[in-house]
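In: Let me see the structure of the following:
(chains A, B, C and D)
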Protein chains: 2
Amino acid sequence: MTESPIDFSQLKQHILKRIEITDEEFAQFTSMIKVIHLNKKEFFSQSGEICDAQAYVNKGCLATYYTDDKAHNHVIQIGVEDWWIGDVASFLNGTPTRYNVEALEECELFTIDAISMEMIFEKIPRFERFFRLLVQKAYAGFQQRVMEGMSKSAEERYLDFMKKYPGLKRRVAQHYIASYLGISPEALSRIKKSMIVRERSSK
Amino acid sequence: MTESPIDFSQLKQHILKRIEITDEEFAQFTSMIKVIHLNKKEFFSQSGEICDAQAYVNKGCLATYYTDDKAHNHVIQIGVEDWWIGDVASFLNGTPTRYNVEALEECELFTIDAISMEMIFEKIPRFERFFRLLVQKAYAGFQQRVMEGMSKSAEERYLDFMKKYPGLKRRVAQHYIASYLGISPEALSRIKKSMIVRERSSK
DNA sequence: CGTCTATTTGAATGTACTCAAAAGCGGTGG
DNA sequence: CCACCGCTTTTGAGTACATTCAAATAGACG
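Out: Residues are numbered from 1 along each chain as shown, chains lettered A, B, ... in the order given. Predicted structure coming up:
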């Protein structure tokens, strides 16, 4: 039986951009990692569960959303290659998550659970810094996004979205993008249309 | 010259609810604290500055808001007695804050800057946990608030607000509350009116 | 090729916004 | 103590933007 070798090079670059580690330390880290493969529409985690792992997206794309009382979904975040996903609050506190994390494409994830993370922190304290930076970045990014949601029009937010996630609109269904932008799918369709019309008439 | 003694009892209770510390450790902590007094409309911190301190609200009430391109203010958070305020991202990363933190009443704040915080962490590592819990709570609370903003009507959010901050509407100007709820002052005025009308007709 | 789902379009509705004016409230000074 | 000033809140009118529901079209996939 042959194990296919796993390519961690993207993850390694990701970490090296933030902290310094040796090959050996990286190997210790990857030895804790579980590789998870998700098909489109499968879940990494679902509302009500404890999200006791964080996942590095090596390939693919996922949406984090929550479902409100009226059974409407609200996409909080879209994660693509080289991002981390998973509910940080649930991970850190051990409380149930309110989010669903769903694969929008076939995905390859590298996951690490809270216990392994603790072990890594003990062995290689610099990882604590790495993880703290991750959480801070998640928090700051979320704040940024919310502030933009409050002050920009839906069209501006759509333009920002396309800048932030180049090429993504060809990969994920529009209604996920609409939800991410905080509008209905119909509204997004109309915004796109009006942008095209304006584009044409300006030539 | 007589120093008036500072009453830290509320802060002590606040901390004891979360971690165990001795009187001596608490004294070490308070020795790092600066007491700040703010009059109504004065700022604890302003956009563009580095917010290198966190503040415990011993008395009074403040709003954290940011000002967008169109010079509109958006209240992100309202902090009252027994809360912490200050931009966590700016504090941790040393980056300029995008927020203004303004006193809505006369306030007494107990502040601790990043360097003192580091020193406390070294002397009393349990404070690291305390602070981490604080950040996590801020993050989780912010997420919660945003999720509610997305799924609830303005009226529901107003009802939630009054439950969360009992008595506060008598203390702060309505337009701050409106901004916190994500609506215009006029809209809030109308919502209140329609609630009263409905109230009356249901009797 | 047919079926299922996603997207677009249409029409009517609603919610909140802007701008403008009036009313209310609180504090200050005569 | 009252009159006035400035600021906040309320009310009104018109408008913009996105929503809902329903139907038509387009796309994806077996």
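In: ok now stretch A:126-138, how far from the chain's centre?
Out: 15 Å (C-alpha atoms, centre = their mean, to the nearest Å).
In: Name the residues of stretch A:127-146 that are buried.
Out: In terms of neighbour count (16 or more other C-beta atoms under 10 Å in any protein chain shown), stretch A:127-146 has its buried residues at A:127, A:130-131, A:135-136, A:138-140, A:142-143, A:145-146. Placement of C-beta: from N, CA and C, glycine included.
In: which residues touch residue A:50?
Out: A:90, A:94-97 (C-beta atoms under 8 Å, 6 or more residues apart in numbering or on different chains).
In: just checking, next helix/strand downstream of the helix or strand bottoming out on mean pLDDT in chain A?
Out: Least confident helix or strand, chain A: helix A:126-151 with a mean of 86, by mean pLDDT, DSSP states H and E. Per DSSP states H and E, the first helix or strand lying C-terminal to helix A:126-151 is helix A:154-164.
In: Against which helices or strands is that next one packed?
Out: Judged by 3 or more C-beta pairs under 8 Å, 6 or more residues apart in numbering or on different chains; DSSP states H and E, helix A:154-164 is in contact with helix A:126-151, helix A:174-181, helix A:185-201.
In: quick one: the shortest one to helix A:185-201, angle?
Out: By that I understand helix A:174-181. 90 degrees (axes from the mean of the first three to the mean of the last three C-alpha atoms, to 10 degrees).
In: Helix A:174-181 near DNA strand C anywhere?
Out: Yes - for helix A:174-181 and DNA strand C, the contact criterion (C-beta under 7 Å from any atom of the strand) is met by A:174-175.
In: Specify the angle between that helix and helix A:126-151 in degrees.
Out: 90 degrees.
In: Give me the below-cutoff pLDDT ranges for chain A.
Out: A:1-4, A:202-203 (pLDDT under 70).
In: centroid residue for it?
Out: residue A:79 (2.6 Å; C-alpha atoms, centre = their mean).
In: That residue pairs with what?
Out: residue A:62 (DSSP bridges).
In: quick one, what contacts it?
Out: For residue A:79, counting by C-beta under 8 Å, 6+ apart, the contacting residues are A:57, A:61-64, A:85.
In: Same question for residue A:49.
Out: A:96-97.
In: and if you look at the one 5 residues further on?
Out: Contacts for residue A:54 were tallied using C-beta under 8 Å, 6+ apart; they are A:84-86, A:88, A:91, A:111-112, A:117, A:134.
In: Relative to residue A:36, how far out is it?
Out: 12 Å (C-beta to C-beta, to the nearest Å).
In: Equivalent analysis for residue A:12, please.
Out: Distance from residue A:12 to residue A:36, counting by C-beta to C-beta: 19 Å.
In: interface residues of chain A facing chain B?
Out: A:66, A:68-70, A:72, A:74, A:76, A:88-89, A:92-93, A:98, A:132, A:135-136, A:138-140, A:142-143, A:146-147, A:150-151, A:182 (C-beta under 8 Å from any C-beta of the partner chain).
In: Of those, which ones also sit close to DNA strand C?
Out: Answer for the residues of chain A next to chain B near DNA strand C: none qualify (C-beta under 7 Å from any atom of the strand).
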